[in-house]
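Asks: 3D, please:
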Amino acid sequence: MSLLSILPKGLTDEDLKIKHPSLFVAALKDYVTTPELSQRHFDRFGTQVTTVAFETGHWVHQERTKEVNEAIDQWLLATGIVG
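Replies: As a prediction, the model looks like this:
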């Protein structure tokens, strides 16, 4: 079952778009939630998505804790969310 199939009728892709800065931390060796699959959703529903990719499996934040935290810090500063 698709998530879109359980949403109220009449909603459009535009209604579902995330209209705020978003960070996608991609795990390039994740063979279940592949970066390509996630990217298709971001292309459809995201408007301001920044992607940072790591050569890890699914648990990217556990495999590359320091690097992921640094990427989040840099993204927060770059977007002006913190500063």
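Asks: rest of the way, CA atoms for contacts and neighbours
Replies: Noted.
Asks: low-confidence ranges in the protein?
Replies: Applying pLDDT under 70 to the chain picks out residues 1-5.
Asks: longest helix in it, please.
Replies: Under DSSP state H, the helix in the chain containing the largest number of residues is helix 65-79.
Asks: what residues does it touch?
Replies: Contacts of helix 65-79 with the rest of the structure, by C-alpha atoms under 8 Å, 6 or more residues apart in numbering, involve 21, 23, 25, 52, 60, 61, 82, 83.
Asks: in this structure, which residue is closest to the centre?
Replies: The residue lying closest to the centre of the chain (C-alpha atoms, centre = their mean) is residue 24, at 2.8 Å.
Asks: how about it, secondary structure?
Replies: Counting by DSSP: H, G, I helix; E, B strand; the rest coil, the backbone at residue 24 sits in strand.
Asks: residues contacting residue 44?
Replies: 13, 17.
Asks: next one: it from residue 66, what distance?
Replies: For residue 44, the distance to residue 66 (C-alpha to C-alpha, to the nearest Å) stands at 30 Å.
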